[in-house]
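Novice: this one's sequence-less:
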């Protein structure tokens with residue numbers, strides 16, 4: 001599988017930030033207070049390499065609730081595509097989907113449809129939290145994996161992160177959690193840096209600064225190669241991200257949004 005820098009950076013932007021403190025109660029008994037998101041939310045982003053547009057990404061919550069494993073769930077789509085010159089070099093059309101329990105904020109099913117140049121992969125993962133298992137299906141092959149209690153996929157973890165009260169998180173604290181992806185459980189680590197103010201196309205606003213810690217690899221500059229700014233309000237949506245690559249840096253900026261639970265305060 002040939003992964004472009006855009007694909008890897010997009011995965012980090014929409015996966016490595018999906019980290020949170022793990023709650024130990026069982027999924028069927030767990031209730032997470034959620035004032036951060038609901039049905040009908042849609043946020044779009046522009047990914048660029050310097051002044052060159054490289055990709056577009058969308059995060060959408062379905063307008064209605066879905067029923068999975070006999071549980072009401074938010075249907076969340078995360079899609080990304082390369083644009084312009086980058087689309088000629090490495091064409092990407094990826095869709096990731098998670099069905100997240102509306103009460104426990106845990107995934108019941110995860111799907112991904114990958115189109116990267118000639119590479120194709122369709123996968124479905126069904127989570128059985130009552131027995132701590134994830135069942136992955138790719139084509140005609142099905143595998144069952146044992147996973148930690150209250151495991152997340154890479155999308156549901158991000159939405160759980162949005163429910164956290166950062167008033168209770170200390171600056172410099174590193175949040176760790178296991179997340180199931182591609183047949184493995186990963187320990188994702190994100191450092192809370194503190195508060196700041198940034199400028200966007202909509203104006204200035206207060207933000208929380210996060211630093212996803214990236215394992216050493218051949219694509220990224222170092223462990224702290226990624227920086228993320230999320231709105232410092234109950235929404236906690238990403239407004240800006242930067243990723244330093246070995247060959248330069250990629251940036252992600254907010255392009256448009258609608259359907260948020262609360263209006264972002266711009267000044």
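Specialist: Now that the structure is in, tell me what you want to look at. Predicted, not measured: the structure shown is a model, and the values here were computed from it.

Novice: pLDDT score for residue 97?
Specialist: Listed pLDDT for residue 97 reads 98.

Novice: likewise the one 3 residues further on?
Specialist: Confidence per residue is given as pLDDT, and for residue 100 that number is 98.

Novice: what are the buried residues along the helix or strand where it lies?
Specialist: Under the criterion of DSSP states H and E, residue 100 resides in strand 93-101. Within strand 93-101, the residues scored as buried using 16 or more other CB atoms under 10 Å are 94, 95, 96, 97, 98, 99, 100, 101. From N, CA and C alone the C-beta is placed, and that goes for glycine too.

Novice: likewise stretch 38-58?
Specialist: 41, 43, 45-49, 53-58.

Novice: which among those gets closest to residue 229?
Specialist: In terms of CB to CB, no member of the buried residues of stretch 38-58 lies closer to residue 229 than residue 45, at 12.3 Å.

Novice: got the contact list for the closest one?
Specialist: Contacts for residue 45 (CB atoms under 8 Å, 6 or more residues apart in numbering) come out as 56, 57, 58, 59, 238, 252, 253, 254, 255.

Novice: quick check: the last one is in a helix.
Specialist: Just to be clear, that refers to residue 255. No. Using DSSP: H, G, I helix; E, B strand; the rest coil, the assignment for residue 255 is strand, not a helix.

Novice: you'd agree it is up against residue 48?
Specialist: No. Residue 255 is beyond contact range of residue 48, at 10.6 Å (criterion: CB atoms under 8 Å).

Novice: and the nearest residue to residue 54 once chain neighbours are set aside, how far is that from residue 53?
Specialist: Distances taken as CB to CB, 6 or more residues apart in numbering place residue 86 nearest to residue 54, at 4.5 Å, with adjacent residues excluded. As defined by CB to CB, to the nearest Å, residue 86 lies at a distance of 8 Å from residue 53.

Novice: equivalent analysis for residue 205, please.
Specialist: As judged by CB to CB, residue 205 and residue 53 stand 23 Å apart.

Novice: returning to what we had before: in a markdown table, list the buried residues of stretch 38-58 along with pLDDT.
Specialist: Listed next are the buried residues of stretch 38-58 as a markdown table, based on pLDDT from 0 to 100:
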| residue | pLDDT |
| --- | --- |
| 41 | 98 |
| 43 | 98 |
| 45 | 97 |
| 46 | 97 |
| 47 | 94 |
| 48 | 94 |
| 49 | 89 |
| 53 | 94 |
| 54 | 94 |
| 55 | 95 |
| 56 | 97 |
| 57 | 96 |
| 58 | 97 |
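
Novice: ok, those vs residue 33, which is closest?
Specialist: Of the buried residues of stretch 38-58, the one sitting nearest to residue 33 (CB to CB) turns out to be residue 41, at 17.4 Å.

Novice: quick one, what contacts that closest one?
Specialist: Per CB under 8 Å, 6+ apart, neighbours of residue 41: 59, 60, 61, 258, 259, 260, 261.
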